[in-house]
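A.B. asks: sequence plus predicted model, see below.
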Amino acid sequence: MNQTQIEKAYKLAKERYAAVGVDTEAVLKKLQTIPVSINCWQGDDVGGFEQVGGSELSGGIQTTGNYPGKARTISELRSDIEKALSLIPGQHRLNLHASYLDNGGTFVDRNEIDPGYFQSWIDWAKDRLHGIDFNPTFFSHDKAADGFTLSHPDKSIRDFWIEHAIACRRIASEMGKQLGTPTVTNFWVPDAYKDIPADRVAPRERLADSLDEIFAEEIDPSLNLDAVESKLFGIGGESYTVGSHEFYMGYAISRQKLLCLDAGHYHPTEKISEKISSVMMFCPELLLHVSRPVRWDSDHVVCFDDELQQIAKELIRSDNLDKIHIGLDFFDASINRVAAWVIGTRNLLKALLFALLEPIEQLRRAELNMDYTQRLAYFEELKSMPWNAVWDYYCLKQEIPVGLDWFDEVKQYEKEVMSKRV
Ligand SMILES: C[C@H](O)[C@H](O)[C@@H](O)C(=O)CO
Ligand SMILES: [Mn+2]
């Protein structure tokens with residue numbers, strides 16, 4: 001499609017939406033202000049740069065596939081992220097793991113890291129990104145080899161991970177300070193038993209104590225915000241996860257921390273779209289890990305599916321986006337990794353646009369009047385409204401490839417850059 005065709009289609013779409021009371025210009029202005037935190041770990045299969053060649057992945061998470069061209073160094077990863085960003089409209093954030101430190105090739109252990117190891121990331125982010133979010137890395141390490149970290153029965157192991165977490169909060173604050181936007185630091189620990197435990201209480205008490213020790217240092221919320229992420233189970237930890245949903249929901253509410261809802265961390269029929277409104281009533285803020293579970297926490301690339309649309313609607317309808325931090329969490333090694341970022345992020349943005357184009361007042365009125373026929377009629381008609389013409393116009397205005405044009409650019413980049421990484 002050429003520019004004139006895109007503009008013509010948009011003009012018609014604008015009129016169609018105006019007829020149901022939706023101002024597409026205002027919608028596009030709003031969409032531009034919503035940052036998405038793009039997960040760095042899609043680019044190298046969660047390997048990190050602690051050691052040359054990345055670390056062996058542990059913690060009950062798994063990447064599958066061996067598509068050629070994954071980033072092997074920090075500069076390759078940055079180049080891939082820059083390529084992806086050039087194909088995604090809007091200004092976004094980077095979600096970085098501590099294991100992606102810039103150690104100049106000399107190993108430094110997790111409890112010894114400081115902001116200096118992330119200065120090159122901060123400098124790189126300054127004129128490219130909306131900000132950086134951060135994650136202590138409690139996996140892929142010999143002190144996590146037996147499946148426990150912050151809830152480990154051995155105090156010296158717990159202390160090691162507490163030191164790592166404290167260091168991470170300080171690093172995150174420095175990122176927040178230099179970038180002028182709070183870093184959301186997300187705590188996910190893999191601690192779990194493969195088989196039925198004899199004591200479900202003690203590990204949870206130890207985890208709560210460790211977290212309290214980590215959060216004892218007050219940090220200005222304009223620099224850093226802490227989030228905690230629960231999980232149903234991981235591979236090798238099928239019977240009992242210390243940081244379950246109930247554990248972290250209670251912890252986040254009682255300590256007024258952010259709760260992180262990961263779309264893949266619940267029973268297969270449980271949906272995080274259903275949880276957002278309740279969590280927002282009791283937690284100060286919310287972090288999302290938008291992912292796509294296929295039968296388990298498989299971390300497939302986010303598709304434009306029903307659940308993504310429902311998540312986006314809940315976010316937009318909440319009218320509380322200042323307190324909701326949207327992150328992505330997927331890692332697929334079976335497809336081009338830059339394309340994975342582009343597909344997943346564009347899908348999330350499309351879902352947000354689709355949600356913004358909803359005539360919410362009319363739908364709420366129908367619901368209050370118990371006119372569920374009108375509600376369903378509207379929901380269904382809205383699905384075939386020309387929202388895609390609004391999306392194409394948004395990409396055009398942001399000077400981002402429209403439609404599948406982005407794919408040609410990824411193929412070109414694969415040919416010229418990624419395929420040479422052997
Ligand atoms: C790599 C991340 O920390 C990880 O995906 C975590 O957020 C998670 O969801 C673990 O299952
Ligand atoms: Mn997650």
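C.D. replies: Received, thanks. Ligands and ions are numbered 1, 2, ... in the order given.
A.B. asks: now do Trp121: how many residues are near it, please.
C.D. replies: Around Trp121 there are 22 other residues, counting by other CB atoms under 10 Å. Using the backbone N, CA and C atoms, a C-beta is placed for each residue, glycine as well.
A.B. asks: that one should be in a helix, yeah?
C.D. replies: Yes. Counting by DSSP: H, G, I helix; E, B strand; the rest coil, Trp121 is found in a helix.
A.B. asks: and it, what pLDDT?
C.D. replies: For Trp121, the pLDDT comes out at 99.
A.B. asks: how about the one 10 residues further on?
C.D. replies: Note for Gly131: predicted pLDDT of 98.
A.B. asks: look up how far ligand 1 lies from Pro182.
C.D. replies: 19 Å (CB to the nearest ligand atom, to the nearest Å).
A.B. asks: quick check: Arg375 touching Leu363?
C.D. replies: Yes. The criterion here is CB atoms under 8 Å, and Arg375 meets it with Leu363 at 5.9 Å.
A.B. asks: buried residues in stretch 214-230?
C.D. replies: 214-215, 219, 223-230 (16 or more other CB atoms under 10 Å).
A.B. asks: CA atoms of that stretch as CSV?
C.D. replies: The C-alpha coordinates for stretch 214-230 follow below in CSV (Å, rounded to 0.1, in the frame of the first residue of the first chain):
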residue,chain,number,x,y,z
ILE,A,214,16.5,-7.1,50.7
PHE,A,215,13.8,-4.4,50.8
ALA,A,216,15.0,-3.0,54.2
GLU,A,217,16.9,-0.2,52.4
GLU,A,218,14.4,2.5,51.5
ILE,A,219,14.8,3.6,47.9
ASP,A,220,13.2,6.7,46.4
PRO,A,221,10.3,5.4,44.2
SER,A,222,11.1,7.9,41.6
LEU,A,223,14.3,5.9,41.0
ASN,A,224,13.3,2.3,41.6
LEU,A,225,10.1,0.3,42.1
ASP,A,226,10.2,-3.3,43.3
ALA,A,227,8.0,-6.1,41.9
VAL,A,228,7.6,-9.7,42.9
GLU,A,229,6.6,-12.5,40.4
SER,A,230,4.9,-15.7,41.3
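A.B. asks: give the rounded mean pLDDT of that stretch.
C.D. replies: pLDDT averaged over stretch 214-230 gives 98.
A.B. asks: cool, and stretch 236-253?
C.D. replies: 98.
A.B. asks: do stretch 328-335 as well
C.D. replies: 98.
A.B. asks: compute the first-to-last residue distance for it.
C.D. replies: This stretch, stretch 328-335, spans 17 Å end to end (CA to CA, to the nearest Å).
A.B. asks: next, the buried residues of that stretch.
C.D. replies: So for stretch 328-335, counting by 16+ other CB under 10 Å, buried means 328-333.
A.B. asks: one step back: among the buried residues of stretch 214-230, which lie within helices?
C.D. replies: Judged by DSSP state H, the buried residues of stretch 214-230 include Ile214 as members of helices.
A.B. asks: from the buried residues of stretch 214-230, which is closest to ligand 1?
C.D. replies: Lowest distance from ligand 1 to the buried residues of stretch 214-230 (CB to the nearest ligand atom) belongs to Glu229, with 5.5 Å.
A.B. asks: I figured that closest one hits Phe187, correct?
C.D. replies: Yes. Between Glu229 and Phe187 there is a contact under CB under 8 Å: 6.6 Å.
A.B. asks: for the stretch 251-400 of the chain, which segments count as helices?
C.D. replies: 276-282, 306-318, 337-356, 360-368, 372-383, 387-397 (DSSP state H, counting those that start in this stretch).
A.B. asks: now what about the fourth one, what contacts it?
C.D. replies: By that I understand helix 360-368. Applying CB atoms under 8 Å, 6 or more residues apart in numbering, the contact partners of helix 360-368 are 20-21, 316-317, 372, 374-375, 378-379.
A.B. asks: 10 Å instead?
C.D. replies: 20-22, 313, 316-317, 319, 359, 371-379, 382 (CB atoms under 10 Å, 6 or more residues apart in numbering).
A.B. asks: tell me the residues of the chain that contact ligand 1?
C.D. replies: Within the chain, the positions near ligand 1 by CB under 6 Å from any ligand atom are 41, 46, 61, 135, 188, 229, 231, 262, 289, 297, 329.
A.B. asks: quick one: the first one is in a helix?
C.D. replies: Yes. Using three-state DSSP, the secondary structure at Trp41 is a helix.
A.B. asks: list the contacts of it.
C.D. replies: With CB under 10 Å, 6+ apart, Trp41 has these contacts: 47-48, 57, 61, 63, 77, 95-97, 99-100, 135, 137, 299, 328-331.
A.B. asks: give me that answer again for 7 Å
C.D. replies: Counting by CB atoms under 7 Å, 6 or more residues apart in numbering, Trp41 makes contact with 97, 331.
A.B. asks: chain center to the helix or strand where Leu31 lies, what's the gap?
C.D. replies: Here Leu31 is covered by helix 24-32, with elements defined by DSSP states H and E. How far helix 24-32 lies from its chain's middle: 22 Å, per CA atoms, centre = their mean, to the nearest Å.
A.B. asks: tilt between it and helix 387-397?
C.D. replies: 60 degrees (axes from the mean of the first three to the mean of the last three CA atoms, to 10 degrees).
A.B. asks: which bits of the chain sit near ligand 2?
C.D. replies: Contact residues (CB under 5 Å from the ion) of the chain with ligand 2: 262, 289, 329.
A.B. asks: mind running it again at 6 Å?
C.D. replies: Contact residues (CB under 6 Å from the ion) of the chain with ligand 2: 188, 229, 262, 289, 329.
A.B. asks: tell me the contacts of Glu217?
C.D. replies: Here Glu217 is in contact with 166, 169 (CB under 7 Å, 6+ apart).
A.B. asks: Glu15 too?
C.D. replies: Glu15 neighbours (CB under 7 Å, 6+ apart): none.
A.B. asks: does it belong to a helix, a strand or coil?
C.D. replies: Per three-state DSSP, Glu15 ends up helix.
A.B. asks: what score does it have for pLDDT?
C.D. replies: Per-residue pLDDT puts Glu15 at 98.
A.B. asks: do you know how far it is from ligand 1?
C.D. replies: 43 Å.
A.B. asks: repeat that for Met249.
C.D. replies: 16 Å.
A.B. asks: so that residue touches Leu259, yeah?
C.D. replies: Yes. Using CB atoms under 7 Å, Met249 makes contact with Leu259 at a distance of 6.3 Å.
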